[in-house]
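Chemist: Below are the sequence and a predicted model for it; my questions follow.
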Amino acid sequence: MAKQARILTGRVAAITGGARGIGKSTAKALVAQGMKVGIGDLDLETAKATAAEIGGATEAFALDVTKRDSIAAFLDGVEEKLGPLDVLVNNAGIMPLGPFLAEDDLSMQRQIDINVNGVMFGVKEALPRLLPRHSGHIVNIASMAGKAGFAGGVTYCGTKHFVVGASEALRGELRGSGIEVSCVMPIPVNTELATGLVPTRGVKKVEPEDVADAIVDALRFPRFDVYVPKSMGPMTYVTGLLPRNAREAVGRVMKADKVLAGADLEARRGYELRAAKSEPGLEPGDGAKELGEGSSG
């Protein structure tokens with residue numbers, strides 16, 4: 001017997017880092033399902049423009065995911081304007097690239113603050129709103145970089161491994177509570193964040209709309225593992241059965257070992273500088289530091 005799809009119409013979602021990229025596409029997809037969506041972003045003006053473009057029951061809010069009180073204020077605002085929270089999409093994230101020893105300490109800490117703490121603060125603020133109603137869904141955006149390590153993105157991969165592991169543990173802790181947890185693991189997505197990445201053999205970048213569609217499907221038919229594209233699920237399982245040397249050899253054949261390490265840093269300069277300027281405490285500098293700072297926008 002086929003599973004009954006969950007009805008999304010009228011439900012309320014909050015999306016962190018929703019002004020552009022995957023967040024923006026997800027907001028569009030959820031509104032198309034009849035949902036009410038709160039977009040939170042460090043770049044409030046762009047968030048407002050995105051909300052106006054999408055229309056429907058879409059609201060924009062200022063948000064700094066590195067501060068728990070900012071997340072609390074964001075979710076308070078969403079519930080005040082749109083109604084009780086049903087879905088939290090922890091989407092905000094950054095991906096500065098480069099050799100590990102050349103990475104600025106501020107960049108390393110910034111990735112942890114956004115990619116790790118931002119997710120955990122979001123969950124901690126969302127659960128007390130969901131648990132009393134025994135209903136809700138936490139969607140954490142990780143990456144295929146959370147299932148394997150890639151040279152050139154040591155800190156980034158570490159933060160995404162954390163998201164995968166924390167999501168798995170959270171799922172176990174919430175079993176029987178009525179709260180669903182999904183972990184979204186896309187390959188590189190055709191957004192500004194993935195500018196200049198080396199393509200792998202046989203695997204093209206996916207579009208942000210592909211990730212958004214996968215999120216909608218996971219909300220309608222709840223599941224934990226959300227690979228984008230779906231074919232990465234079986235591929236990850238099969239390669240996981242191989243000895244490490246064999247797995248690494250397959251990665252080299254597919255050029256997966258170069259996807260981050262071989263990134264064109266000059267092509268990425270615009271993304272890196274925009275990311276750096278979006279954090280008031282960080283100013284673009286020279287060399288490695290200039291290319292090692294990011295934002296949650």
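Modeler: That came through, no problem. Residues are numbered from 1 along each chain as shown.

Chemist: Can you tell me the closest non-neighbouring residue to residue 44?
Modeler: Nearest non-adjacent residue to residue 44, counting by Cβ to Cβ, 6 or more residues apart in numbering: residue 62, 4.5 Å away. For the C-beta atoms, the positions are set from N, CA and C on the backbone; glycine is no exception.

Chemist: hey, what's that neighbour bridged with?
Modeler: residue 41 (DSSP bridges).

Chemist: And the helices in the stretch 51-200 of the chain?
Modeler: For the stretch 51-200 of the chain, helices defined by DSSP state H, counting those that start in this stretch occupy the ranges 68-82, 105-111, 118-130, 154-173.

Chemist: Identify the residues contacting stretch 74-83?
Modeler: For stretch 74-83, the external contacting residues (Cβ atoms under 8 Å, 6 or more residues apart in numbering) are 12, 14, 16, 36-38, 40, 57, 59, 61-63, 85, 88, 125-126, 129.

Chemist: how about 7 Å then?
Modeler: If you take Cβ atoms under 7 Å, 6 or more residues apart in numbering as the criterion, stretch 74-83 is touched by 12, 14, 36, 38, 40, 57, 59, 61, 63, 85, 125-126, 129.

Chemist: Same check on stretch 208-220?
Modeler: Here stretch 208-220 has contacts from 5-6, 8, 21-22, 25-26, 28-30, 33, 87, 89, 137, 139, 182, 184, 186, 189-191, 226, 228-229, using Cβ under 7 Å, 6+ apart.

Chemist: quick one: low-confidence parts of the chain?
Modeler: For the chain, the stretches flagged by pLDDT under 70 are 1-2, 202, 274-297.

Chemist: and with 50 instead?
Modeler: Residues of the chain that meet the criterion pLDDT under 50 lie in 280-297.

Chemist: longest strand anywhere in it?
Modeler: strand 179-186 (DSSP state E).

Chemist: partner strands of that one, parallel or antiparallel?
Modeler: Going by DSSP bridges, the partners of strand 179-186 are strand 136-141 (parallel), strand 225-228 (parallel).

Chemist: Burial-wise, tell me which of these comes out on top.
Modeler: Highest mean neighbour count among those (mean count of other Cβ atoms under 10 Å): strand 136-141, with a mean of 25.

Chemist: what's the angle between it and helix 154-173?
Modeler: Counting by axes from the mean of the first three to the mean of the last three Cα atoms, to 10 degrees, strand 136-141 lies at 160 degrees to helix 154-173.

Chemist: Just the angle for strand 136-141 relative to helix 118-130, thanks.
Modeler: Calculated by the same axes, to 10 degrees, strand 136-141 forms an angle of 170 degrees with helix 118-130.

Chemist: who touches strand 136-141?
Modeler: Defining contact as Cβ under 7 Å, 6+ apart, one finds that strand 136-141 is touched by 22, 86-91, 93, 119, 123, 126, 130, 163, 167, 179-184, 215, 218-219, 222.

Chemist: Please list only the buried members of those residues.
Modeler: By neighbour count, with 16 or more other Cβ atoms under 10 Å, those hold 22, 86-91, 93, 119, 123, 126, 130, 163, 167, 179-184, 215, 218-219 as buried.

Chemist: you'd agree the residue nearest to residue 44 is up against residue 45?
Modeler: No. Using Cβ atoms under 7 Å, residue 62 makes no contact with residue 45, being 9.9 Å away.

Chemist: neighbour-wise, which of these two wins?
Modeler: residue 62 (16 against 11; other Cβ atoms under 10 Å).

Chemist: what about that one, distance to residue 54?
Modeler: 18 Å (Cβ to Cβ, to the nearest Å).

Chemist: swap in residue 207?
Modeler: Relative to residue 54, residue 207 is positioned 17 Å away (Cβ to Cβ).

Chemist: The two: which has the busier surroundings?
Modeler: Shown here are residue 207 and residue 54; by other Cβ under 10 Å, residue 54 has more neighbours (20 against 16).

Chemist: what's the distance between the more buried one and residue 190?
Modeler: The value you get for residue 54 to residue 190, if Cβ to Cβ is used, is 19 Å.
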